[in-house]
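Asks: Fold the following and give me the result.
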Amino acid sequence: MRLLLDTGALAWWFTSDKSLSEAADRAIKSKANEIVVSVASAWELSIKDNAGKLRMGNLLARLPDDLENSGFTVLPIELEHAMRAGALPLHHKDPFDRMLIAQAHAESLFVISSDPVFDHYGVRRIW
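Replies: Predicted coordinates:
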């Protein structure tokens, strides 16, 4: 399976936070799965860091190396993703989550997320 980490799951994975569910942890560790990280998550982390809302040590500074060392695939934001995100129903207004939802649909990805709002969009979610 191809699994897209939402921003929270990404942060919890790289900080070894216990908030990550057992099912999510197993799915990320499984060699059978390809783990995908959207550039939207890096963008969200950067904004939160700049606003002083990120309390995860040097997560952002380490992110490029952590992604490479983990073998995770980085997913860019394509024009199709942006257009899909803008066209989504307004069940949720968070622009970063909306982008992840659009990318999950466009790229046939499962999403690892604790947020049930993804379910309103028919996203296949693991938690």
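Asks: what's the spacing between the residue sitting furthest away from the middle of the chain and residue 88?
Replies: Most distant from the centre of the chain: residue 52, at 20.4 Å, with distances by C-alpha atoms, centre = their mean. Distance of residue 52 to residue 88, computed by C-beta to C-beta, to the nearest Å: 29 Å. Any C-beta I mention is one placed from the backbone N, CA and C, and that applies to glycine too.
Asks: Give me the pLDDT for the residue farthest from the centre of the chain.
Replies: pLDDT for residue 52: 86.
Asks: On the three-state scheme, it is what?
Replies: The three-state label given to residue 52 by DSSP: H, G, I helix; E, B strand; the rest coil is coil.
Asks: Tell me the spacing between it and residue 102.
Replies: Using C-beta to C-beta, residue 52 is found at 29 Å from residue 102.
Asks: for residue 70, same thing?
Replies: Separation of residue 70 from residue 102 (C-beta to C-beta) stands at 24 Å.
Asks: If anything else comes up later, I'll come back, but that's it for now.
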